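Novice: What shape does this take:
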Amino acid sequence: LPLVTNTEVLSGKEINLTAKEALLQINDKVKLPVYTYNGSVPGAQIRIKQGETVKINLKNELPEPVTIHWHGYPVPNSQDGIPGITMDAVKPGETFTYEFTATVPGTYWYHSHQESAKQVDKGLYGTLIVEPKNEEKVDRDYTLVLDEWMSNPDEGNMDMSGMDHSNMGHGNSSDDKEMDMSSMSHDMSMYDIFTINGKSGSAVKPLKVKKGEKVRLRLINAGYMPHKLHLHGHEFKIVATDGQPLKDPQPIKDELLNIAPGERYDIEFTANNPGEWLLECHGDMKGTDDMKVKIQYEGATNNMDKANAKENLPIVDMTKYGKHELGQFTLDQKYDL
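Specialist: Residues are numbered from 1 along each chain as shown. Got it, this is the predicted structure:
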């Protein structure tokens, strides 16, 4: 199998995605067989402008059927990528064209919905960024996708493709499947490697900034467990959650952002503290220490930051963050429906 390539950014009216197998070098020790869109993990970033209509041609070169579901994005029902409900899964060797108009701006992601627990686990996801018509420009715009992996996938129950039900000795196969799924949903400890953009530990590519720049980080959790992230050395604002902009976000410092599976947070900070800083995951799972990325100021040589993944910090309370707007309904009005 070929090695995973760098994630490309695709834009324009027509985009080609090929689902295919590859090998992901997560760190200097672990290399895993993965499923990809366009040969990378995460798959290609689709970057379009609000109001544009886009065609996405999906070609399946995997040994099993596949789809694309546009997670959280409003698309016509027929384009939603749910096999057996909104479409037939795309069989090996076949193609399908998705078409929709990007009505809503924001940070989204896409992934397979065919046996999605397994296929997303194998890397079959990418990011969808829709730029607003009147976007407030930032100097740097980075997308960081979080995920977890097993260094020995054959030992976990998750990789059902490699499972041989015949010698497991649990009676008939439908029971096996139930058993696998139930044990799988509880034993998260087999995920011993945490990644950012498919890399772990020192293999994660540093984020370059210059003093005075405004930096946006788009954080997307494609994994199965929540991750608590700490941005060192800077105040930041949460400007959007799940693609939706927040009203009047306040600066936060030394609080953890707790990102649940499937969630997205856009945060912004001003690069006003030269040096080398970490954005790191807090907790005490096996993979925690390697889910971190360096933020490096250009020209700064002093490397003074220390990891502190065990430090107990407060978690941002999203129910109290930002200002609420009065909606069009109130509790004391009269309803006819």
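Novice: In stretch 278-296, which residues are buried?
Specialist: 278-283, 285, 287-296 (16 or more other Cβ atoms under 10 Å). From N, CA and C alone the C-beta is placed, and that goes for glycine too.
Novice: now for that stretch, what's the gap between its first and last residues?
Specialist: Across its full length, stretch 278-296 reaches 9 Å between end residues, using Cα to Cα, to the nearest Å.
Novice: Would you list the phi and psi of Q119?
Specialist: Q119 adopts backbone torsions of phi -70, psi -40, taken as degrees, to the nearest 10.
Novice: residue ranges with poor pLDDT in the chain?
Specialist: Along the chain, segments meeting pLDDT under 70 span 155-186.
Novice: now do 80
Specialist: 153-187, 301-304, 325-327, 337 (pLDDT under 80).
Novice: Would you state the helices of it in chain order?
Specialist: For the chain, helices defined by DSSP state H occupy the ranges 116-121, 173-186.
Novice: ok, P65 to G93 distance?
Specialist: As judged by Cβ to Cβ, to the nearest Å, P65 and G93 stand 10 Å apart.
Novice: For the two, indicate the residue with more neighbours.
Specialist: Neighbour count, other Cβ atoms under 10 Å: between P65 and G93, P65 has more, with 18 against 9.
Novice: So what does that one look like in phi/psi?
Specialist: phi -60, psi 160.
Novice: list the contacts for it?
Specialist: P65 makes contact with 83, 89-92, 114, according to Cβ atoms under 8 Å, 6 or more residues apart in numbering.
Novice: Go through the buried residues of stretch 278-296 and flag which are in strands.
Specialist: When the buried residues of stretch 278-296 are checked against strands (DSSP state E), the matches are 278-282, 292-296.
Novice: Would you mind giving those as JSON lines with distance to V41 added?
Specialist: Shown next, in JSON lines, are these (distance: Cβ to Cβ, whole Å):
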{"residue": "L278", "distance to V41": "22"}
{"residue": "L279", "distance to V41": "20"}
{"residue": "E280", "distance to V41": "21"}
{"residue": "C281", "distance to V41": "18"}
{"residue": "H282", "distance to V41": "24"}
{"residue": "K292", "distance to V41": "18"}
{"residue": "V293", "distance to V41": "16"}
{"residue": "K294", "distance to V41": "20"}
{"residue": "I295", "distance to V41": "22"}
{"residue": "Q296", "distance to V41": "23"}
